[in-house]
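Trainee: Structure here, sequence nowhere to be found:
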């Protein structure tokens with residue numbers, strides 16, 4: 001407060017409530033100025049503000065009239081903008097008043113404002129424009145910090161960020177040398193990657209500064225980083241050609257940064273297919289919540305919701321078959337499409353087809369037609385012979401019928417033998433009957449070892465054993481490896497991390513990622529060391545397991 005000592009006839013008094021104010025960027029501060037005319041004469045008093053940008057300052061009345069010994073008030077409003085224009089820091093300023101007509105009579109108030117949402121106390125000063133921040137995965141967030149040495153001697157301030165991965169953080173200056181009373185602005189940049197590593201939601205973190213002169217002293221502020229949600233996913237239909245009433249699999253992998261629920265739909269343009277979902281044994285439950293024995297089959301008439309966690313893959317087993325099967329004909333194919341839509345309305349589709357065949361093969365009708373035509377021809381011939389040759393003709397007729405029937409039967413047998421000898425694929429698995437007999441597989445069973453892969457796919461495409469459901473002996477069936485987990489059915493450890501694919505599935509680690517938790521240690525080494533392959537910081541000491549080497553520091557002991 002400034003106040004004249006000699007209340008002469010031409011003097012006045014200017015006061016306010018405080019001389020320092022906090023104004024966060026993007027906000028305003030109203031300051032009430034009180035003025036008293038100590039003179040016995042009426043006067044006009046003019047106000048001015050120095051030291052602050054003119055666009056920050058607004059006076060409700062730049063000039064005020066006061067009567068003899070009158071009193072009045074003027075409101076000073078300081079509005080600090082957001083962004084670079086509202087740069088954080090401490091700003092000194094003065095408010096002056098002058099009596100018009102007598103410029104030698106003035107009053108001045110000196111004060112300051114701190115532009116910040118947060119200001120630490122004590123000799124280690126740190127100013128922040130905000131404590132809550134938001135960023136897009138793959139984007140960049142710049143946080144300006146003002147460091148202030150409020151001590152009486154020079155000091156070096158060291159900056160530390162806790163609670164965020166070090167790979168996300170960069171700064172213009174990790175430490176600052178400050179003279180006594182000196183301020184310095186540095187920039188902290190946070191750039192989370194565009195991957196599911198940047199988990200969506202609110203993540204608390206801490207900004208701290210330490211004194212080099214007095215290591216025991218520090219100043220810190222609790223902050224919150226909100227990472228926006230992004231959606232990304234992929235789908236796989238396997239196999240793309242499904243034999244009628246055999247299983248197919250539709251897999252969805254969530255490549256976004258938050259759990260998502262997808263809608264799965266099967267579309268048949270001809271409306272000639274029936275789709276059914278299959279849940280494995282022990283999985284389904286009744287409406288009352290009790291378990292049912294055996295796999296459960298349910299009709300697919302509406303989109304099926306499927307929730308998938310971040311970075312995980314979920315699979316729906318289904319089967320499809322024609323609504324009506326033609327009586328006559330060979331193989332036929334019916335196209336269909338699978339459509340997967342995320343909660344953010346992103347859609348992916350994949351085309352497939354159902355392979356079926358008629359009830360009666362064409363070759364069997366041809367054989368019956370030959371028999372019928374032969375019978376008609378012989379009957380016509382016998383009808384036109386004379387009676388004298390009736391007995392002989394009858395015998396000839398019977399012999400002819402026998403020969404024709406024998407020939408027909410022989411032709412049918414020969415066709416059947418030919419089919420069995422390699423000219424037919426009875427079970428439609430991609431192997432001829434002869435190839436199946438040679439391989440030891442069943443010509444009437446498309447999947448002899450019941451591992452979810454057809455015999456032909458195993459023998460000709462994948463190099464797996466069609467007689468062994470688990471070719472590589474990793475406790476996962478070949479079909480489960482190919483369709484559900486997308487691992488190599490010939491390699492028991494697809495990601496070469498020291499754990500078999502079956503062991504990883506049991507542990508719920510990723511059999512295709514040698515370091516599931518991205519802590520710098522392979523999953524197999526983590527199991528051997530006793531650390532958690534699904535948790536980058538097993539002992540919760542804010543150091544990743546890969547940054548700790550027993551005995552010191554120990555990834556199983558936080559201290």
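Mentor: That came through fine. Since this is a predicted model, take the numbers as computed values, not measurements.
Trainee: and residue 350, what is it in contact with?
Mentor: 235, 236, 237, 240, 337, 338 (C-beta atoms under 8 Å, 6 or more residues apart in numbering). Quick note: C-beta positions are derived from backbone N, CA and C, even for glycine.
Trainee: Which of the helices or strands spans the spatially closest residue to it that is not a sequence neighbour?
Mentor: Among residues not flanking residue 350 along the chain, residue 237 sits closest, at 4.4 Å (C-beta to C-beta, 6 or more residues apart in numbering). Assigned by DSSP states H and E, residue 237 belongs to strand 233-238.
Trainee: Show me what that strand is packed against.
Mentor: Packing partners of strand 233-238 (3 or more C-beta pairs under 8 Å, 6 or more residues apart in numbering; DSSP states H and E): strand 247-254, strand 331-341, strand 347-357.
Trainee: got a list of contacts for that strand?
Mentor: Strand 233-238 is contacted from outside by 248-256, 260, 262, 308, 338, 340, 342, 346, 348, 350-352, 482-483, 486, using C-beta under 8 Å, 6+ apart.
Trainee: Please apply the same query to stretch 525-534.
Mentor: With contact meaning C-beta under 8 Å, 6+ apart, stretch 525-534 is reached by 497-499, 507-509, 516-517, 519, 521, 523, 538, 545, 550, 555-556.
Trainee: Could you chop the chain up by domain?
Mentor: Following automatic domain parsing, one finds the domains of the chain at 12-115, 118-227, 233-283+292-357, 362-423.
Trainee: Could you dump the ones you listed into a markdown table and include distance to residue 449?
Mentor: Shown next, in a markdown table, are those (distance: least, C-beta to C-beta, whole Å):
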| stretch | distance to residue 449 |
| --- | --- |
| domain 12-115 | 67 |
| domain 118-227 | 36 |
| domain 233-283+292-357 | 14 |
| domain 362-423 | 22 |
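Trainee: got the ones you listed as CSV, with mean pLDDT and distance to residue 432 columns?
Mentor: Shown next, in CSV, are these (pLDDT from 0 to 100; distance: least, C-beta to C-beta, whole Å):
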stretch, mean pLDDT, distance to residue 432
domain 12-115, 92, 74
domain 118-227, 91, 46
domain 233-283+292-357, 88, 14
domain 362-423, 56, 5
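Trainee: Tell me which of these sits nearest to residue 466.
Mentor: In terms of C-beta to C-beta, the element of those nearest to residue 466 is domain 233-283+292-357, at 14.9 Å.
Trainee: Pull up the distance across the closest one, start to finish.
Mentor: Its first and final residues considered, domain 233-283+292-357 spans 36 Å by C-alpha to C-alpha, to the nearest Å.
Trainee: Excluding chain neighbours, what is closest to residue 69?
Mentor: Nearest one to residue 69, counting by C-beta to C-beta, 6+ apart, is residue 37 at 6.0 Å.
Trainee: Kindly report the same for residue 80.
Mentor: Among residues not flanking residue 80 along the chain, residue 86 sits closest, at 4.5 Å (C-beta to C-beta, 6+ apart).
Trainee: buried subset of the contacts of stretch 525-534?
Mentor: Those of the contacts of stretch 525-534 that meet the buried threshold are 497, 499, 507, 509, 516, 517, 519, 521, 523, 538, 545, 555, by 16 or more other C-beta atoms under 10 Å.
Trainee: From what I see, residue 519 and residue 539 are in contact.
Mentor: No - contact criterion C-beta atoms under 8 Å: residue 519 and residue 539 do not qualify, at 11.7 Å.
Trainee: what's the overlap in contacts for those two?
Mentor: With C-beta under 8 Å, 6+ apart, residue 519 and residue 539 have no common neighbours.
Trainee: Show me the helices in the stretch 251-400 of the chain, by range?
Mentor: Counting by DSSP state H, counting those that start in this stretch, the segments of the stretch 251-400 of the chain that form helices are 362-383, 390-418.
Trainee: what's across from residue 250 in the sheet?
Mentor: Note on residue 250: beta-bridge partners residue 237, residue 316, judged by DSSP bridges.
Trainee: What's the local residue count around it?
Mentor: Counted by other C-beta atoms under 10 Å, the residues lying close to residue 250 total 23.
Trainee: Counting neighbours, what do you get for residue 165?
Mentor: As a burial measure, residue 165 scores 15 neighbours (other C-beta under 10 Å).
Trainee: try residue 161
Mentor: For residue 161, the count of nearby residues is 19 (other C-beta under 10 Å).
Trainee: In three-state terms, label it for me.
Mentor: At residue 161 the chain is in strand, as set by DSSP: H, G, I helix; E, B strand; the rest coil.
Trainee: ok, now which ones touch the nearest residue to it once chain neighbours are set aside?
Mentor: The shortest distance from residue 161 to any non-neighbouring residue, by C-beta to C-beta, 6+ apart, is to residue 169 (5.2 Å). Shown in contact with residue 169 (C-beta under 8 Å, 6+ apart): 161, 188, 189, 190.
Trainee: Compile these into TSV and extend it with columns for secondary structure and distance to residue 92.
Mentor: Formatted as TSV, the contacts of residue 169 follow (DSSP: H, G, I helix; E, B strand; the rest coil; distance: C-beta to C-beta, whole Å):
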residue	secondary structure	distance to residue 92
161	strand	31
188	strand	26
189	strand	30
190	strand	32
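Trainee: Quick check: residue 261 vs residue 254, distance?
Mentor: 10 Å (C-beta to C-beta, to the nearest Å).
Trainee: Over to residue 332?
Mentor: 36 Å.
Trainee: To what extent is residue 163 buried, counted in neighbours?
Mentor: For residue 163, using other C-beta under 10 Å, the count is 14.
Trainee: could you list every residue that touches it?
Mentor: By C-beta under 8 Å, 6+ apart, the contact set of residue 163 is 203, 204, 205, 206, 542.
Trainee: Just give the nearest non-adjacent residue to it, would you?
Mentor: Nearest residue to residue 163, sequence neighbours excluded (C-beta to C-beta, 6+ apart): residue 205, at 3.4 Å.
Trainee: Distance from the strand or helix carrying the one you found to the middle of the chain?
Mentor: Under DSSP H and E, the secondary-structure element containing residue 205 is strand 201-211. Per C-alpha atoms, centre = their mean, to the nearest Å, the displacement of strand 201-211 from the mean C-alpha position of its chain is 25 Å.
Trainee: quick one: buried residues of that strand?
Mentor: By 16+ other C-beta under 10 Å, the buried positions in strand 201-211 come out as 203, 205, 207, 208, 209, 210, 211.
Trainee: Many thanks, we can stop here.
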